[in-house]
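Asks: can't give you the sequence, but here's the structure:
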Ligand code: HEC
Ligand code: HEC
């Protein structure tokens with residue numbers, strides 16, 4: 001081949017390379033811009049904080065004195081049988097009201113990961129399996145569980161009575177001293193105060209909220225502050241990775257239950273029934289919106305979703321779709337705390353255990369084939385849901 005021909009080929013190749021690079025950089029620029037459809041979808045993820053009302057099932061919801069008494073109870077180990085556990089043992093304020101452990105220890109290692117406490121006026125079902133539909137009902141559970149604080153209603157009243165400060169606080173709020181004639185009422189009252197306090201725990205605005213608001217306001221300068229990597233991660237979250245099919249809305253959960261194929265074996269042997277067991281407990285629980293201890297008007301309580309849910313085999317192994325607000329601060333993850341980091345979570349969704357997923361109908365979770373760069377983008381996005 002002559003030198004002229006070689007030179008020509010060389011130049012041609014250079015032009016081709018330049019062209020490829022140009023196309024690549026254009027698609028890179030395009031790939032972090034939101035499509036009109038994505039911009040519309042994003043509206044549903046805010047505003048934050050959203051507007052909320054008091055809990056109609058709890059007459060002390062939003063009551064300052066109840067919030068104060070509830071806070072006292074929350075941090076007080078005297079409400080456990082051995083005076084060694086308070087709510088704050090597992091729900092530590094400085095750790096987003098969780099404990100950083102895969103599973104905490106009560107009287108033995110519990111079966112599930114401690115849930116971070118926040119944004120309860122946005123929560124429909126409580127616990128990983130949705131054992132109840134009220135925050136005060138959920139708050140009674142650890143007090144009387146033999147695996148946690150190990151109390152009975154009678155012993156609870158005894159503790160209130162024998163500690164003058166607690167007895168005074170109780171009487172000031174409920175206009176009656178704690179007494180043994182109706183221990184159950186004393187327990188429920190106290191749980192409602194605990195709930196009033198927990199309702200005040202909310203997560204702050206985040207970089208994601210600023211971006212969402214900028215998009216809604218069409219404020220392009222404000223939009224630019226959100227990093228390109230987070231934007232690409234958001235696009236995956238809404239689109240190809242299909243996360244928003246379940247993690248949707250202001251708290252990034254549809255407030256329902258799903259099976260993503262995580263193991264439901266506990267310590268290799270026992271089985272966690274997930275939502276199946278949760279529904280059985282819900283149906284049997286007196287501590288629901290429509291139950292005898294609720295303060296909610298019959299008219300709305302009778303329309304509560306708990307009255308209409310039915311159990312079937314598909315609920316087996318389902319767990320609550322967790323909120324992703326503050327998620328960077330609440331590791332480890334999943335109902336059993338089996339994943340250490342957000343990188344691990346994204347790795348899992350990239351190659352989920354399809355054998356364990358037995359959903360009838362649309363397959364929402366499937367192998368994603370994300371590149372390492374895309375996985376990183378998704379994690380970057382998830383981190384923008386937390387205030388750091
Ligand atoms: C030994 C550790 C431990 C103690 C003590 C404890 N919790 Fe929990 N908490 C957990 C675990 C584990 C879960 C998840 C339980 C489940 O889903 O089965 C949880 C879940 C919750 C939830 C559900 C949150 C949600 O979003 O659904 C609330 C509310 C709660 N706890 C409040 C309390 C209160 C109030 C107390 C004290 C009266 C308390 N906890 C004591 C470990 C603990
Ligand atoms: C089919 C509904 C569904 C889809 C789709 C889905 N998730 Fe989840 N997600 C869940 C459920 C259910 C859990 C809890 C599962 C468990 O504990 O076993 C969960 C747990 C998580 C957690 C752990 C949160 C915590 O506090 O423990 C993160 C993070 C998460 N998902 C992010 C994602 C991302 C990112 C995607 C997209 C790649 C995604 N999810 C897709 C339902 C879904």
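Replies: Arrived safely. None of the values given here were measured: they were computed from a predicted structure. Numbers count the residues shown, from 1 in each chain. Ligands and ions are numbered 1, 2, ... in the order given.
Asks: what comes up buried for stretch 266-278?
Replies: For stretch 266-278, the neighbour count (16 or more other C-beta atoms under 10 Å) marks 272-278 as buried. The C-beta positions use only the backbone N, C-alpha and C, and glycine is treated the same way.
Asks: and if you look at stretch 68-76?
Replies: Per 16+ other C-beta under 10 Å, stretch 68-76 contains these buried residues: 69-74, 76.
Asks: could those be laid out in TSV, adding secondary structure?
Replies: Output for those, formatted as TSV (DSSP: H, G, I helix; E, B strand; the rest coil):
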residue	secondary structure
69	helix
70	helix
71	helix
72	helix
73	helix
74	helix
76	coil
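Asks: Between those, which sits nearest ligand 2?
Replies: Ligand 2 has its nearest neighbour among the buried residues of stretch 68-76 in residue 74, at 21.0 Å by C-beta to the nearest ligand atom.
Asks: Averaged over its residues, which helix or strand of this protein has the lowest pLDDT?
Replies: Here the helix or strand of the chain ranked lowest by mean pLDDT, DSSP states H and E is helix 3-31, holding a mean of 52.
Asks: Residue 125 is in contact with residue 321, isn't it?
Replies: No: with contacts counted by C-beta atoms under 8 Å, residue 125 stays clear of residue 321, the gap being 9.9 Å.
Asks: Are there residues contacting both of the two? Which ones?
Replies: Common neighbours of residue 125 and residue 321, using C-beta atoms under 8 Å, 6 or more residues apart in numbering, are 255-257.
Asks: Which among those count as buried?
Replies: Buried residues within these, counting neighbours by 16+ other C-beta under 10 Å: 255, 257.
Asks: Would you mind giving the domain segments of this structure?
Replies: As given by automatic domain parsing, the domain ranges for the chain are 64-198, 235-274+317-383.
Asks: Tell me where the stretch 251-388 of the chain has helices.
Replies: Along the stretch 251-388 of the chain, counting by DSSP state H, counting those that start in this stretch, helices occupy 275-284, 298-301, 342-350, 372-383.
Asks: Now do the same for residue 358: its pLDDT.
Replies: Per-residue confidence at residue 358 stands at 74 (pLDDT).
Asks: check contacts around it.
Replies: By C-beta under 8 Å, 6+ apart, the contact set of residue 358 is 259, 314, 317.
Asks: With pLDDT, neighbour count and distance to residue 286 added, can I get these in TSV?
Replies: Formatted as TSV, the contacts of residue 358 follow (pLDDT from 0 to 100; neighbours: other C-beta atoms under 10 Å; distance: C-beta to C-beta, whole Å):
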residue	pLDDT	neighbour count	distance to residue 286
259	94	20	29
314	89	15	27
317	92	24	27
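Asks: Of the residues you listed, just say which sits nearest to ligand 1.
Replies: Nearest member of the contacts of residue 358 to ligand 1, counting by C-beta to the nearest ligand atom, is residue 317, at 14.4 Å.
Asks: who's in contact with that closest one?
Replies: Taking C-beta under 8 Å, 6+ apart, we find residue 317 in contact with 259, 264, 272-276, 356, 358.
Asks: Name the member of those residues with the shortest distance to ligand 1.
Replies: Set against ligand 1, the nearest of those by C-beta to the nearest ligand atom is residue 272 (8.8 Å).
Asks: now the closest one: how far from residue 151?
Replies: 24 Å (C-beta to C-beta, to the nearest Å).
Asks: One more: residue 284?
Replies: Counting by C-beta to C-beta - residue 284 and residue 151 are separated by 20 Å.
Asks: out of those two, which sits in the more crowded spot?
Replies: residue 151 (21 against 9; other C-beta atoms under 10 Å).
Asks: which secondary structure element contains that one?
Replies: According to DSSP states H and E, residue 151 maps onto no helix or strand at all.
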